[in-house]
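Enquirer: Pasting a predicted model and its sequence here:
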Amino acid sequence: MGSGVTAPAPSLPGWGAFPSHSAAERAGDSGTGSPVRATEAETRVSDYLRALGVSGSLELGLLGARVGSRVEARAAEGELEDPIEAAIEEAHALLLEWLGDELGIHGDTDALLAARAAVLGGAVPGWTQRWAGVSGESLAPAIRAGGLSPIPEPAPLAMDPQVIALCCQGLGARLAGLIRRGPSPGREGSA
């Protein structure tokens, strides 16, 4: 891609070199972008997937390849500011999409976040195999059972505005009044 520079072959399919157009790289060249080694992004995504709980090499390979393909597609659509950041974003989006598909819910942010908490919290054993496509058994019942819902349910109420009286509120006006009045009658000056 670009000026005759070839990147070494990545270890996973979908992790070809993709151009980066970050401000730092544009400052050093004519603005065409330079090929970025996909291995650094691949390594960071593997680390991120491990942090999520993916441990098997087969699962890491399958999920990493899917993330790599998504990043390449994103790079083909336009400028890619930071390939590593884009790869992490795509891994996160892939997890949320899988949860939505697995549970048959889309657009319900609270339910998706509860499902994500259930799988990442360890309430659903074997979820990484299902996410990677290794296991064919649906985990929707286990994810739903492991999900926590807010208690009590959110119930926004109209509240009357309340005046907050701070300790120093109006102090300036009180001091000005005291100064204008002068010394109190019955008090002797300290002269």
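Expert: Nice, I can see it. Numbering: from 1, shown residues only.
Enquirer: C-alpha from now on. contacts and neighbour counts both.
Expert: Will do.
Enquirer: so where is the protein shaky, pLDDT-wise?
Expert: Residue ranges of the chain with pLDDT under 70: 1-38, 79, 149-150, 184-191.
Enquirer: what about 80?
Expert: 1-39, 79-80, 148-155, 165-170, 182-191 (pLDDT under 80).
Enquirer: where exactly do the strands run in it?
Expert: Secondary structure of the chain (DSSP state E): strands located at 18-20, 34-36.
Enquirer: And for the nearest residue to Arg50 once chain neighbours are set aside, the neighbour number?
Expert: Nearest residue to Arg50 in three dimensions, chain neighbours excluded: Leu60, at 7.9 Å (C-alpha to C-alpha, 6 or more residues apart in numbering). One way to gauge burial is a neighbour count; for Leu60, by other C-alpha atoms under 10 Å, it gives 21.
Enquirer: contacting residues for Leu60?
Expert: Ser46, Leu49, Arg50, Val54, Ala132 (C-alpha atoms under 8 Å, 6 or more residues apart in numbering).
Enquirer: just Leu103 next, same as before
Expert: Under the criterion of C-alpha under 8 Å, 6+ apart, the contact list for Leu103 reads Ala140, Arg144.
Enquirer: gap between it and Ile88?
Expert: To Ile88, Leu103 is 23 Å away according to C-alpha to C-alpha, to the nearest Å.
Enquirer: contacting residues around Leu96?
Expert: Taking C-alpha under 8 Å, 6+ apart as the definition of contact, the neighbours of Leu96 are Leu112, Arg116.
Enquirer: And it, how far from Leu166?
Expert: Between Leu96 and Leu166 the computed distance is 46 Å (C-alpha to C-alpha).
Enquirer: One more: Ala75?
Expert: 55 Å.
Enquirer: the more surrounded of these two?
Expert: Applying other C-alpha under 10 Å to Ala75 and Leu166 shows that Ala75 carries more neighbours, namely 19 against 8.
Enquirer: measure the more buried one to Glu90 for me?
Expert: Remark: distance between Ala75 and Glu90 (C-alpha to C-alpha) = 12 Å.
Enquirer: cool, and Pro141?
Expert: 26 Å.
Enquirer: the more surrounded of the two?
Expert: Neighbours were tallied for Pro141 and for Glu90 using other C-alpha under 10 Å; the higher tally belongs to Glu90 (20 against 12).
Enquirer: Who are the contact partners of the residue nearest to the more buried one when sequence neighbours are not counted?
Expert: Using C-alpha to C-alpha, 6+ apart and skipping residues adjacent in sequence, the residue nearest Glu90 is Val67, 6.0 Å away. Taking C-alpha under 8 Å, 6+ apart as the contact definition, Val67 lies against Gly14, Ala87, Glu90, Ala91, Leu94.
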